[in-house]
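Visitor: Build me a model from this:
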Amino acid sequence: MKKNSPSKSVLQEVASGRMSTGQNSGKASKPLNADGMKRRKFLGMGLLGVAGLSLPLANKVEANSATENFVKETVSMAESVSSQSDSFEDKMKMLQKAWDKKDYRLARALTNSLQISEIQAQADHENLGTPLIGANQFGAVASLPAAWKNWAKGWMYYKVVNLEEKVGIQRKAEPVEVLLSFQASQTASLAREIRVAEIKDGVLTEVISQVFSEIRRGAEKICKLLFLADNQGKEKRTYLIFYGNPDAELPNYQSDLKVTGEGYGLDIENEYFTAYLSKQTGQLARLILKREHGLEIYSGGQGHGEPAGIDWAHDYVTEDNFQKVRISLWEECPDFEVVRGPICTIIRRWGLPYSPVHPIFSPARMNMDIEYRFYAGLPYFHKFGHMSALKTFDMVYIRDDEWVITGQSFTDQMWMNSEGKVQMGSVPEESADKLWGVGFFNKDTKDSFIGLFLDHHTDGFQEPSHSGSPSFYYKWHGQFWQRMPVPKGVKTIPEGAVFHQKNAYVTLPFDTKDGPAKIEGLRKELMNPLQVSGSSVQANLIAKDSPQGLARLAEAGDSPIPKELIWKALRDVKDPQFYKSDISIVDLGLVYDVTVRGNVVKVLIAMPHRGRPLGSYFAYGSNVVHPTTSKNILTAVYEVPGVKKVIMEQTWYPGWSSNVLTDDGRKKLGI
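Guide: Coordinates of the predicted model:
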């Protein structure tokens, strides 16, 4: 997998952040690719790179002034921050004292508090990589040709992205991910404001997109952006990324990707399959193929005392064959992050595997970091894995891929050699450690389940074994494959070794005539994604009028009730839990969206954490116990001229963090 170098912000800080997630309420729209797709926090992997744009740059004097002010304010507030919390280092000292005194309950309490400190540190400092386009690389919409400027009415700024297809494969609604940086002064909410448009024959056409991992770093905001792209092969296409519209609403794009459930135990459905993740561990438990007979791929039985699933990785057997420690034995995920949106749902889980008699044995030798990605409109899902040795240790074997399927739903097996060619039947001995795909299919029904190994490498260790030969009859189950990345004869894993993987699991109909070419072509496509680069608008392009503008109702300064007045009113809604800060729900970043339809206003809010689940507190009861004038949401918004009905809704997605605080909010909290 690509290794990203740290990005530098205006303050020369690393670009990083606590992740979180999807786009929610707003108006439905029908952008390009909508018909073609039947398609707590996250760190993900994107197509990141360095771009050199020939776009107008921001005023450097203003940027430097903003930086100086930010530094002065940050330094002056440091004492306030330390007085309201305790440092990681202080908590570690307290933990050691509690441990020495054998006060184990106190030690457990402090361990929990340390995790909270780590979550906040992640929000403040984590590196997301080098942005494709920097904060100072942008154009003004006012400078665009008249046809495009009118089409994007309401938006003030844009960035330019080029996508190039280099291997001659046609793409349809391919998900593209980029990391972008923006001047914080130019945007209130990237999730609300960002829109993506393709330039096609001089016409701007909106394409479906998804914003996540929005973070604040000094005078910059950074986010990950997913959007869907078409390409006929060997083409270079240009896309404009619009932002900077205070009236924009969450776009509420529609797709075939449907997600139900909370946390990591989700049910995820698209045009091709429904995936059920374990409510206990988050492992993939069952998969139903959405063909005429609806084959269900499952694993029966009692597992090893835990609920059975089809994805059994990751695990290892300790020295002398004493025990096998597994993530499938987690009583719950030690930690996780989830992204939900119209293009992709991402579930990332990590932690140390458990012993069969946990917690008697709790080895801290190998951290296992696993991520599923499910997409709209695509017949496959991804799994990324990173297994990191925290100390040198001996083992018998490690597994980074294992699938067990009960029953006899498949009649034949297939595999892919190191040249990327599909083969049928059993794997010959000379190819057993050179596999780049394995799977099963039914020659009569054409049902199939195939794993494609896209990336498999190590850091700080020798070349891994690319094993994984499929087997039809695994004891009392049925179909089975497992991959053991440590070469035979090796028993010691050195500290710092990391095993990386990126796999795609495919559910396309498969037959012996057309199936091999189809799978080979898909793997070639996945190994050669669209190439992303920053760019500028070509000078010789002829801009043409578009049949429909970018703005939905009330997004282009045409709201029947000025949204500016509604946001101003919401600043009178304070959080009484801060007795002296006089901080509003707007400055806290709790207001995710404001929509206006006629005389009806809808306010979408979040709450800071699950310990305060009642958003209705701000709707009805937050206008007491505060030293300044405070109102609740209903009272404040009803006082805006023209408002006849106020609706308040609450969401947990994306999860709230300090990254959404306004500048005033940060000052009032002393951050």
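Visitor: in the stretch 51-200 of the chain, what spans have low per-residue confidence?
Guide: 51-82 (pLDDT under 70).
Visitor: If we use 90, what do you get?
Guide: 51-84 (pLDDT under 90).
Visitor: cool, the stretch 251-400 of the chain as well?
Guide: 291-293, 300-307.
Visitor: Helix, strand or coil: sort out the nearest residue to residue 355 once chain neighbours are set aside for me.
Guide: Residue nearest to residue 355 in three dimensions, not counting chain neighbours: residue 361, with 3.9 Å by C-beta to C-beta, 6 or more residues apart in numbering. C-betas here are computed from N, CA, C, even on glycine. Following DSSP: H, G, I helix; E, B strand; the rest coil, residue 361 is assigned to coil.
Visitor: Any idea how many residues pack against residue 361?
Guide: 13 (other C-beta atoms under 10 Å).
Visitor: so what's it up against?
Guide: Applying C-beta atoms under 8 Å, 6 or more residues apart in numbering to residue 361 gives the contacts 323, 325, 355.
Visitor: For residue 498, state which of the residues you listed is nearest.
Guide: residue 325 (17.8 Å; C-beta to C-beta).
Visitor: The closest residue to the closest one other than its chain neighbours and residue 586: what is the separation?
Guide: Take residue 325 and drop its neighbours on the chain: the residue closest to it by C-beta to C-beta, 6+ apart is residue 353, 4.0 Å away. From residue 353 over to residue 586 the distance is 44 Å, taken as C-beta to C-beta, to the nearest Å.
Visitor: go on, residue 202?
Guide: 40 Å.
Visitor: Then residue 100?
Guide: Distance from residue 100 to residue 586, by C-beta to C-beta: 47 Å.
Visitor: okay, those two: which has more neighbours?
Guide: A count of neighbours by other C-beta under 10 Å puts residue 586 above the other of residue 100 and residue 586, at 21 against 9.
Visitor: Do I have it right that the more buried one meets residue 662?
Guide: Yes - at 6.8 Å, residue 586 and residue 662 qualify as touching, with contact defined as C-beta atoms under 8 Å.
Visitor: Contact partners for residue 381?
Guide: Here residue 381 is in contact with 275, 372, 373, 374, 375, 504, 505 (C-beta under 8 Å, 6+ apart).
Visitor: Checking my notes, it in a strand, right?
Guide: Yes - counting by three-state DSSP, one finds residue 381 located in a strand.
Visitor: That one pairs with what?
Guide: residue 374, residue 505 (DSSP bridges).
Visitor: do you know how far it is from residue 342?
Guide: 16 Å.
Visitor: ditto for residue 386
Guide: 27 Å.
Visitor: Please say which of those two ends up with more neighbours.
Guide: More neighbours surround residue 342 than the other of residue 386 and residue 342, with 24 against 18 (other C-beta under 10 Å).
Visitor: in terms of contact, does the more buried one touch residue 207 like I think?
Guide: No - contact criterion C-beta under 8 Å: residue 342 and residue 207 do not qualify, at 11.5 Å.
Visitor: Assign a three-state SS to residue 97, would you?
Guide: Quick answer, by three-state DSSP: residue 97 is helix.
Visitor: Sorry, slip of the keys, the one I care about is residue 107.
Guide: Going by three-state DSSP: residue 107 is helix.
Visitor: for residue 93, same thing?
Guide: helix.
Visitor: That one and residue 107, how far apart?
Guide: 12 Å.
Visitor: Looking only at neighbour counts, state which of the two leads.
Guide: With neighbours defined as other C-beta under 10 Å, residue 93 and residue 107 compare such that residue 107 has more, 18 against 12.
Visitor: Generate a ChimeraX selection restricted to the buried subset of the contacts of residue 361.
Guide: Applying 16 or more other C-beta atoms under 10 Å to those, the buried members can be selected in ChimeraX as follows:
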select :325,355
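Visitor: Columns secondary structure and distance to residue 537 on top of the contacts of residue 361, output as a markdown table?
Guide: As requested, the contacts of residue 361 are arranged in a markdown table below (DSSP: H, G, I helix; E, B strand; the rest coil; distance: C-beta to C-beta, whole Å):
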| residue | secondary structure | distance to residue 537 |
| --- | --- | --- |
| 323 | coil | 61 |
| 325 | strand | 55 |
| 355 | coil | 59 |
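Visitor: For residue 405, give me its contacts.
Guide: 297, 298, 299, 310, 440, 449, 477, 478, 479, 480.
Visitor: ah, wrong one, I meant residue 390
Guide: 364, 365, 366, 367, 495.
Visitor: can you pull up the bridge partners for the third one?
Guide: Okay, so that is residue 366. residue 389.
Visitor: count of residues packed around it?
Guide: Using other C-beta under 10 Å: residue 366 sits among 23 other residues.
Visitor: Residue numbering should commence at 31 henceforth.
Guide: Got it, first residue is 31 now, which makes that one residue 396.
Visitor: Wait, it touches residue 357, no?
Guide: No - under the criterion of C-beta under 8 Å, residue 396 makes no contact with residue 357, lying 10.4 Å away.
Visitor: what do the two both touch?
Guide: Contacts common to residue 396 and residue 357, judged by C-beta under 8 Å, 6+ apart, are residue 383.
Visitor: Show me where this structure has its helices.
Guide: Assigned by DSSP state H, the helices in the chain fall at 90-114, 118-130, 134-155, 176-181, 220-223, 545-557, 593-600, 646, 663-668, 693-699.
Visitor: Now list the buried members of the contacts of residue 411.
Guide: Applying 16+ other C-beta under 10 Å to the contacts of residue 411 flags 305, 402, 403, 404, 405, 534, 535 as buried.
Visitor: Can you give me the neighbour number for residue 683?
Guide: The burial count for residue 683: 19, using other C-beta under 10 Å.
Visitor: Backbone dihedrals for it, both of them.
Guide: phi -120, psi 130 (degrees, to the nearest 10).
Visitor: Likewise for residue 613?
Guide: The phi/psi pair for residue 613 (degrees, to the nearest 10) is phi -110, psi 130.
Visitor: check contacts around it.
Guide: Contacts of residue 613 (C-beta under 8 Å, 6+ apart): 604, 605, 695, 698, 699.
Visitor: Check residue 513 too.
Guide: Applying C-beta under 8 Å, 6+ apart, the residues near residue 513 are 343, 429, 430, 431, 432, 465, 483, 495, 496, 497, 498.
Visitor: Next, format those as JSON lines and append neighbour count.
Guide: Listed next are the contacts of residue 513 as JSON lines, based on neighbours: other C-beta atoms under 10 Å:
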{"residue": "343", "neighbour count": "23"}
{"residue": "429", "neighbour count": "21"}
{"residue": "430", "neighbour count": "26"}
{"residue": "431", "neighbour count": "24"}
{"residue": "432", "neighbour count": "19"}
{"residue": "465", "neighbour count": "24"}
{"residue": "483", "neighbour count": "19"}
{"residue": "495", "neighbour count": "18"}
{"residue": "496", "neighbour count": "16"}
{"residue": "497", "neighbour count": "22"}
{"residue": "498", "neighbour count": "27"}
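Visitor: and of the residues you listed, the nearest to residue 187?
Guide: Among these, and counting by C-beta to C-beta, the member closest to residue 187 is residue 483, at 41.4 Å.
Visitor: and that closest one, what does it touch?
Guide: Residue 483 touches 431, 446, 465, 466, 467, 496, 498, 513, 531, 533, counting by C-beta under 8 Å, 6+ apart.
Visitor: next one: residue 343
Guide: 357, 400, 415, 429, 430, 431, 432, 512, 513.
Visitor: who does the last one bridge with?
Guide: The reference is to residue 513. Under the criterion used (DSSP bridges), residue 513 bridges to residue 431.
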